[in-house]
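Asks: generate coordinates for the sequence data below:
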Amino acid sequence: MNRLIKAELIKIATKPRSYIGFIAVAAIVLLIEFAMYADGKEYLSFITQALEQTFIIEGDFLNGNLVCFIILQTLIIQMPLMVALVTGDLISGEMANGTIRLLVTRPFSRNQILTAKIIAGSIYTFLLLLWLGIFALVFGLLIFGDGDLTVIKSDALVIIQSGDTLWRFLLAFGVAFISLTVVSSFSLLLSCLTDNSIGPIITTMAVIILFTIIGTLQVPVFENIKMFLFTTHMIVWRNLFDNPLDLELMYTSLGIMVLYIIGFTAASYIIFNKKDILN
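Replies: I've put the predicted structure just below:
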């Protein structure tokens, strides 16, 4: 199994598309940090104008914790695409190239082959999030310094002390990993259904965009199905910055996402084992 996983990681590393996500994350994060460094105070002053009419605000809102929070909200749409670019190609790409036939001639079962691909895709997702954490949180704290995190919502203002932020960000990245695993397992399922690697990538993003639109529309007919859309729960990391935490909501969303992962993964095993890969 270790040989299979190593081989899959090498395949991922040799494909240029695997580095698009890392380059995009670095570029977007550095661009946001540069913009916040240059005009961040003016930008935040514009947002807090209404508050300044009611409260006397002392200190500086702008710090590394706030910048990291802004970056995470900005990349919520882009990260699934970066993951799908790789995981959507794990099976269909090899089907298109014909290399999947070489794998089945070796002393490995189809279940082992698929398991190795799933693990390799999870490692890639983890490394991409680690890369994001280094650029967003570590660089943010180095450039802007530490400080209390002020989260402005439509109906509330939450202030989290600086000593209470690190564990929230670590958990937020953990929840983001589960969210992106839903995306990777879905794109892998689509990859098992086709021999064209472009199809699973485009379909994954189309479904995410469609579900996101349904989730944001305040239409009564959609209210009953929002709870069952995985995109509704992918943004639950934001609730980690509530005070107090809504643990019931967190557990519910995490449970639903885990069920999606299990369902997509089980379907992938069934389809891959029945798939005709010898013709």
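Asks: contacts and neighbour counts: CA atoms only from here.
Replies: Will do.
Asks: what about the helices in the stretch 1-150 of the chain?
Replies: Counting by DSSP state H, counting those that start in this stretch, the segments of the stretch 1-150 of the chain that form helices are 2-14, 20-47, 49-52, 64-74, 78-87, 92-97, 100-104, 110-133, 139-144.
Asks: single out the most deeply packed of those.
Replies: When you average the neighbours per residue for each of the helices of the stretch 1-150 of the chain (mean count of other CA atoms under 10 Å), helix 78-87 leads with a mean of 24.
Asks: dump the helices of the stretch 1-150 of the chain to JSON lines, plus distance to Phe272 and mean pLDDT.
Replies: Converted to JSON lines, the helices of the stretch 1-150 of the chain look like this (distance: least, CA to CA, whole Å; pLDDT from 0 to 100):
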{"stretch": "helix 2-14", "distance to Phe272": "17", "mean pLDDT": "82"}
{"stretch": "helix 20-47", "distance to Phe272": "27", "mean pLDDT": "80"}
{"stretch": "helix 49-52", "distance to Phe272": "56", "mean pLDDT": "56"}
{"stretch": "helix 64-74", "distance to Phe272": "35", "mean pLDDT": "86"}
{"stretch": "helix 78-87", "distance to Phe272": "15", "mean pLDDT": "86"}
{"stretch": "helix 92-97", "distance to Phe272": "11", "mean pLDDT": "71"}
{"stretch": "helix 100-104", "distance to Phe272": "11", "mean pLDDT": "65"}
{"stretch": "helix 110-133", "distance to Phe272": "7", "mean pLDDT": "89"}
{"stretch": "helix 139-144", "distance to Phe272": "42", "mean pLDDT": "88"}
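Asks: closest to Leu180 out of those helices?
Replies: Among the helices of the stretch 1-150 of the chain, helix 78-87 comes nearest to Leu180, with 6.1 Å by CA to CA.
Asks: and that closest one, how far out from the chain's middle?
Replies: For helix 78-87, the separation from the chain centroid amounts to 8 Å (computed by CA atoms, centre = their mean, to the nearest Å).
Asks: try stretch 73-83
Replies: 6 Å.
Asks: what are the contacting residues of it?
Replies: Ile20, Gly21, Thr125, Leu180, Val183, Ser184, Ile201, Met205, Ile235 (CA atoms under 8 Å, 6 or more residues apart in numbering).
Asks: CA atoms only for it, dumped as PDB, please.
Replies: C-alpha atoms of stretch 73-83 as PDB (Å, rounded to 0.1, in the frame of the first residue of the first chain):
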ATOM      1  CA  GLN A  73     -13.600  34.300   3.800                       C
ATOM      2  CA  THR A  74     -12.200  35.400   0.400                       C
ATOM      3  CA  LEU A  75     -10.900  31.900  -0.500                       C
ATOM      4  CA  ILE A  76     -14.000  30.000   0.400                       C
ATOM      5  CA  ILE A  77     -15.000  29.800  -3.300                       C
ATOM      6  CA  GLN A  78     -11.600  29.200  -4.900                       C
ATOM      7  CA  MET A  79     -10.300  26.400  -2.700                       C
ATOM      8  CA  PRO A  80     -12.800  23.700  -3.900                       C
ATOM      9  CA  LEU A  81     -11.700  24.400  -7.500                       C
ATOM     10  CA  MET A  82      -8.100  24.000  -6.600                       C
ATOM     11  CA  VAL A  83      -8.800  20.600  -5.000                       C
END
